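In: My questions concern the predicted model and sequence given below.
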Amino acid sequence: MALAAAAALSAWPASAETVSQSDDASAGPNPAAFDEVWELVRDRFYDPRLHGLDWQAMRTRYRPQAASARNQQETAIVINAMLAELGASHTHYYTPEDPAYYQLADIFSGALERRGLERVFPRGEVTYPGIGVFAQADDQGRIFITGVIEGPPAHQAGLLVGDEILSVDDSPFQPVDSFRGKVGVPVSIHIRRTSDAAPTAVSVTPAELHPNAMFLRGLQASARIIGTGNNAHIGYVHVWSYAGHKYQSALEDLIADGPLRDADALVWDLRGGWGGAQPEYLDLFNPRAPTMQVTGRNGKTGLVDVKWRKPVAMLINGGTRSGKEVLAYGFKEYRLGELIGDRTEGAVLAATAFLVGDEGLLLLAVEDVLVDGQRLEGVGVTPTIEVAFDSRYAAGSDPQLERAVQVLSRS
């Protein structure tokens, strides 16, 4: 089920929107969470030898630290330090202060229905207050936006990849807590767009975000045509999550009868977000298979096995992980088009999720993955055209996308 549902799933490193957290806003310490995580790893981790670790020794080493943790966040830090000893992707502990906690709960809601989802989320409806960005701290502790999902409040307010977030309502940025109790109420986010610019206040109205719906609508809203100097029309689409066939179906609809239908070429952006893709999704670009049109009694028509038979380029970077890396590997290996950007993360294991008490979620690697007999875990996929991109203070520029458009406009 891990492979079928969201198996080679991925997250941004460590957390989905930022790593900045407060010490006093979270619940108290929970030593029981440490024990439950330890036991789940012992019983369910994909390698029964636990990568050669003495797992009992790990418990002896880290449990006293968990017992002395002052709050939930300190407990999480200890748990993740222990999990890091495994050296495996898709093995991380999240708390409700991190958007990834909610995003993973929604992505794995099917499996979690049998593991207490409604105990934590009434009626199984997973939501959280937010603005729809991915962000993370750099090595200096500065927090930068690394992704803006099309549609949610941040996009509507004009926030951009590369913006440094300085504060929210004059308090330090918290990816969830900054917006608790403020849904529908404008907040003032102070940003710095370029390294030498003065701080600017941007008014953003937080919303109650439904993760899966947000990612699907973001994909659909991202579709657009980019004009070029030689009158080429380049289509663009960003797939934020591939954890479910509905995202591939939405892409097929955009190509078959949507804004991408008349494009001369396509940029398929798989940077960042979540994985979960299946290898069969590459069939969209197989020119040697037919597309079938069916028409019902009512005259309504539909297409089966939609194909894109024009030039295509894929965008990748260090945030391209898991199932998206499987697609990147096949895209390159079978020469479907240029792979543009940076090396992918090399995080390719099959995972599932477990709710830990009422205040934690464990993403755990439960199956090993080989692609055409090759191991991508810890290796990644290199682009055919390397374009470095330090997105900090990018102020709307995107050299990887610009290169893809340049390449496709000549094709």
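Out: Thanks, I have it.
In: Is the residue of the chain most remote from its centre part of a helix or strand, or is it coil?
Out: Residue farthest from the centre of the chain, counting by C-alpha atoms, centre = their mean, is residue 297 at 41.2 Å. Secondary structure state of residue 297, per DSSP: H, G, I helix; E, B strand; the rest coil, is coil.
In: residues near residue 117, how many?
Out: 22 (other C-beta atoms under 10 Å). For the C-beta atoms, the positions are set from N, CA and C on the backbone; glycine is no exception.
In: Quickly note the distance from it to residue 152.
Out: From residue 117 across to residue 152, the span is 23 Å (C-beta to C-beta, to the nearest Å).
In: Next: residue 264.
Out: 30 Å.
In: Pick out whichever of these two has more residues nearby.
Out: A direct count of neighbours by other C-beta under 10 Å for residue 264 and residue 152 places residue 152 higher, at 22 against 16.
In: Compute the number of surrounding residues for the nearest residue to the more buried one once chain neighbours are set aside.
Out: Leaving aside its chain neighbours, residue 152 sits nearest to residue 132 (2.6 Å; criterion: C-beta to C-beta, 6 or more residues apart in numbering). By other C-beta under 10 Å, the residues close to residue 132 number 27.
In: got a list of what residue 132 touches?
Out: 148-149, 151-155, 207, 209, 214, 218 (C-beta atoms under 8 Å, 6 or more residues apart in numbering).
In: Cross those against strands and list the overlap.
Out: Judged by DSSP state E, the contacts of residue 132 include 148, 207, 209 as members of strands.
In: Go through those and name the one nearest residue 31.
Out: residue 209 (31.2 Å; C-beta to C-beta).
In: quick revisit: closest to residue 70 among the contacts of residue 132?
Out: So of the contacts of residue 132, ranked by how close each gets to residue 70 (C-beta to C-beta), first place is residue 209, at 29.5 Å.
In: Grab the nearest non-local neighbour of residue 286.
Out: residue 307 (6.5 Å).
In: give the contact list for that neighbour.
Out: Contacts for residue 307 (C-beta under 8 Å, 6+ apart) come out as 283-287, 289-291.
In: Mind doing that once more with 10 Å?
Out: Taking C-beta atoms under 10 Å, 6 or more residues apart in numbering, we find residue 307 in contact with 252, 255-256, 283-291.
In: From the structure, what's the count of residues near the nearest residue to residue 374 once chain neighbours are set aside?
Out: Of all residues not flanking residue 374 in the chain, residue 329 sits nearest, at 7.7 Å (C-beta to C-beta, 6+ apart). For residue 329, the count of nearby residues is 22 (other C-beta under 10 Å).
In: so residue 329, which of the three states?
Out: Applying three-state DSSP: residue 329 is helix.
In: Can you give me the pLDDT of residue 270?
Out: On pLDDT, residue 270 comes in at 98.
In: Actually, residue 148.
Out: According to the prediction, residue 148 has pLDDT 98.
In: and what of the one 10 residues further on?
Out: What the model reports as pLDDT for residue 158 is 98.
In: Read off the pLDDT value for the closest residue to it other than its chain neighbours.
Out: Closest residue in space to residue 158, ignoring its immediate chain neighbours: residue 202 at 6.8 Å, by C-beta to C-beta, 6+ apart. According to the prediction, residue 202 has pLDDT 98.
In: count of residues packed around residue 202?
Out: By other C-beta under 10 Å, 16 other residues sit near residue 202.
In: and residue 81, which of the three is it?
Out: helix.
In: from what I can see it touches residue 62, true?
Out: Yes - shown here, residue 81 and residue 62 form a contact pair, counting by C-beta atoms under 10 Å, at 6.6 Å.
In: List the buried residues for stretch 150-161?
Out: Residues of stretch 150-161 classed as buried: 150-155, 157, 159-161 (neighbour count, 16 or more other C-beta atoms under 10 Å).
In: Stretch 193-202 too?
Out: 193, 202.
In: Quick one: distance of it to the chain centre.
Out: 27 Å (C-alpha atoms, centre = their mean, to the nearest Å).
In: First-to-last residue distance for that stretch?
Out: Stretch 193-202 has its terminal residues 11 Å apart, counting by C-alpha to C-alpha, to the nearest Å.
In: Show residues contacting that stretch.
Out: Outside of stretch 193-202, the residues within contact range by C-beta under 10 Å, 6+ apart are 154, 157-160, 162-167, 170, 187-192, 392-396.
In: Any quick PyMOL command for the buried ones out of those?
Out: Of the contacts of stretch 193-202, the buried ones can be selected in PyMOL as follows, counting by 16+ other C-beta under 10 Å:
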select buried, resi 154+157+159+160+162+163+164+165+166+167+187+189+190+191+192+392+393+394
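In: Which members of the contacts of stretch 193-202 are positioned in strands?
Out: Among the contacts of stretch 193-202, the ones falling in strands (DSSP E) are 164-167, 187-192.
In: now the residues you listed as TSV including pLDDT and distance to residue 402?
Out: Formatted as TSV, the ones in strands among the contacts of stretch 193-202 follow (pLDDT from 0 to 100; distance: C-beta to C-beta, whole Å):
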residue	pLDDT	distance to residue 402
164	98	22
165	98	25
166	98	28
167	98	31
187	98	32
188	98	32
189	98	27
190	98	29
191	98	23
192	98	23
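In: show me where pLDDT drops low in the stretch 1-150 of the chain?
Out: Along the stretch 1-150 of the chain, the parts satisfying pLDDT under 70 run over 1-30.
In: could you show me where the helices are in it, in order?
Out: Assigned by DSSP state H, counting those that start in this stretch, the stretch 1-150 of the chain shows helices spanning 2-5, 31-44, 55-67, 72-84, 99-107, 109-112, 117-120.
In: Kindly export the last one (C-alpha atoms) in PDB.
Out: To tie it back to what came earlier, the one meant is helix 117-120. Extracted C-alpha coordinates of helix 117-120, given in PDB (Å, rounded to 0.1, in the frame of the first residue of the first chain):
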ATOM      1  CA  LEU A 117      -7.200   9.800  12.200                       C
ATOM      2  CA  GLU A 118     -10.600  10.800  13.500                       C
ATOM      3  CA  ARG A 119      -9.300  10.800  17.100                       C
ATOM      4  CA  VAL A 120      -7.000  13.700  16.000                       C
END
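In: Tell me if I'm right that residue 177 and residue 95 touch.
Out: No - if you go by C-beta under 10 Å, residue 177 and residue 95 don't touch, sitting 11.1 Å apart.
In: of the two, who's got more company?
Out: residue 95 (24 against 18).
In: Just give me the residue right at the centre of this protein.
Out: residue 273 (1.8 Å).
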